[in-house]
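*Asks:* any chance you can model this:
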Amino acid sequence: MRNNKTDTLTNEFWENIERNNLVRPVCNACGNNFFSPQVVCPKCLSPDWIYETSNGNGKIYSYTVIHRPMGVGFPTPFIVVDIDLEEGWRMYSRLLNCKINEVSIGLEVEVVFKKHEERTMPFFQPRGIKK
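*Replies:* So this is what the prediction gives:
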C-alpha cells in the first residue's frame, strides 16, 4: 500500500515501463490481478496491493481500427486492442507490426516498448515477431 502522499497510483507503473518492464496491480488480500491501478482492489476492496511483473503475453480479447488521427504521431489507420494477459488481467493498447486484415480476436500477442512523444509506452505485436 502507498503511504507517501507525494506518490501517485501510477508512478511505479510508469517507472517500470521506462525500464521495459510491464507490471500490474495484484491484491495481497485476494490475489486479484487488475488494471488500471486503483486505490482499492476492485474485487475485495482491500487497499493492500502491490505491483508485480507481467510476462507481457496475451491474446486479443477485442479490437477496433481507428481511421481518424488523435493527434501528431498517430499514423492512421491504427489498431487499438483490448489484451487479455496470461496472468488474468486486461489492458488497452495499440497493436503494432500487424496489418488490419491480419488482426483477429484470439491472436497471440506480446508486449513491446516504444518511445511515443517522449514517453516509453507498452504496445503489443503478434507473438514471435522480431522486436
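
*Asks:* for the residue positioned nearest the centre of the chain, give me its contacts.
*Replies:* Geometric centre of the chain, nearest residue: Met91, 4.4 Å, by Cα atoms, centre = their mean. By Cβ atoms under 8 Å, 6 or more residues apart in numbering, Met91 lies in contact with Arg24, Phe35, Ser36, Asp82, Ile83, Leu85, Pro122. For every residue, glycine as well, the C-beta is placed using N, CA and C.

*Asks:* repeat for Glu12
*Replies:* By Cβ under 8 Å, 6+ apart, the contact list for Glu12 reads Val23, Tyr51.

*Asks:* would you say it is within a helix?
*Replies:* Yes. Looking at Glu12 with DSSP: H, G, I helix; E, B strand; the rest coil, it is inside a helix.

*Asks:* what's the spacing between it and Ile50?
*Replies:* Separation of Glu12 from Ile50 (Cβ to Cβ, to the nearest Å) stands at 9 Å.

*Asks:* circling back to that earlier point, from Cys41, how far out is the residue nearest to the centre of the chain?
*Replies:* For Met91, the distance to Cys41 (Cβ to Cβ) stands at 16 Å.

*Asks:* please apply the same query to Asn21.
*Replies:* Asn21 sits 22 Å away from Cys41, going by Cβ to Cβ.

*Asks:* which of the two has more neighbours?
*Replies:* Neighbours were counted for Asn21 and for Cys41 using other Cβ atoms under 10 Å; Cys41 has more, 21 against 16.

*Asks:* mind checking the SS state of that one?
*Replies:* Cys41 ends up coil, using three-state DSSP.

*Asks:* so for the strand or helix carrying Asp84, mean pLDDT?
*Replies:* Assigned by DSSP states H and E, Asp84 belongs to strand 78-85. Mean per-residue pLDDT for strand 78-85: 97.
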